[in-house]
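[1] one predicted model, sequence on top.
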Amino acid sequence: MARHVYVILGWLSVGLGLIGVVLPVLPTVPFMILAAFLFAKGAPRARAWLIDHAHFGPHIRAWEEAGAISRKAKVLAVGTMAAVFLVSVVTGLPGWVLAVQAVCMGPAAVFVATRPDE
């Protein structure tokens, strides 16, 4: 039964990652990394497909081998977080919304920026 749960969660993660390809605020690669982890528990062929994927595979392997994030991905991720926060400030969102964003995105940006490069 657990194997089926891992497979379902893995495909759900792939689906969210694919949505992230077209929605810039939803990260793609972290969902694919999660899917690879979940597939390792229940669907080796699906995991192999992800690991061998031309676009997602190198990012997944870099994360699994060294906890690394490419410099380009770091700049894009941290830049997107900063842009979202700036747009929120400019559009005059309430202070509590800005505080929630800062508390959530600040540590996430620090985490991404401090990972080793590929």
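    Now that the structure is in, tell me what you want to look at.

[2] rest of the way, CA atoms for contacts and neighbours
    Noted.

[3] report the distance from the strand or helix carrying Lys72 to the chain centre.
    Assigned by DSSP states H and E, Lys72 belongs to helix 71-90. Here the centre of helix 71-90 is set off from its chain's centre by 14 Å, with C-alpha atoms, centre = their mean, to the nearest Å.

[4] next, the buried residues of that helix.
    Of all the residues in helix 71-90, those buried under the rule 16 or more other C-alpha atoms under 10 Å are Lys74, Ala77, Val78, Met81, Ala82, Phe85, Ser88.

[5] check stretch 31-44 too.
    31-43.

[6] in terms of helices and strands, where is the most centrally placed residue in the chain?
    Nearest to the geometric centre of the chain sits Pro30, at 2.5 Å (C-alpha atoms, centre = their mean). Using DSSP H and E, Pro30 falls within helix 29-42.

[7] quick check: next helix or strand after that helix?
    Following helix 29-42 in sequence, per DSSP H and E, is helix 44-52.

[8] now the angle between helix 71-90 and the helix holding Pro30, please.
    120 degrees (axes from the mean of the first three to the mean of the last three C-alpha atoms, to 10 degrees).

[9] helix 29-42 packs against which elements?
    helix 2-22, helix 44-52, helix 57-66 (3 or more C-alpha pairs under 8 Å, 6 or more residues apart in numbering; DSSP states H and E).

[10] nearest to Leu93, of these?
    Among those, the nearest to Leu93 by C-alpha to C-alpha is helix 2-22 (24.3 Å).

[11] what residues sit buried inside that closest one?
    For helix 2-22, by 16+ other C-alpha under 10 Å, it's Tyr6, Val7, Ile8, Leu9, Gly10, Trp11, Ser13, Val14, Leu16, Gly17, Leu18, Gly20.
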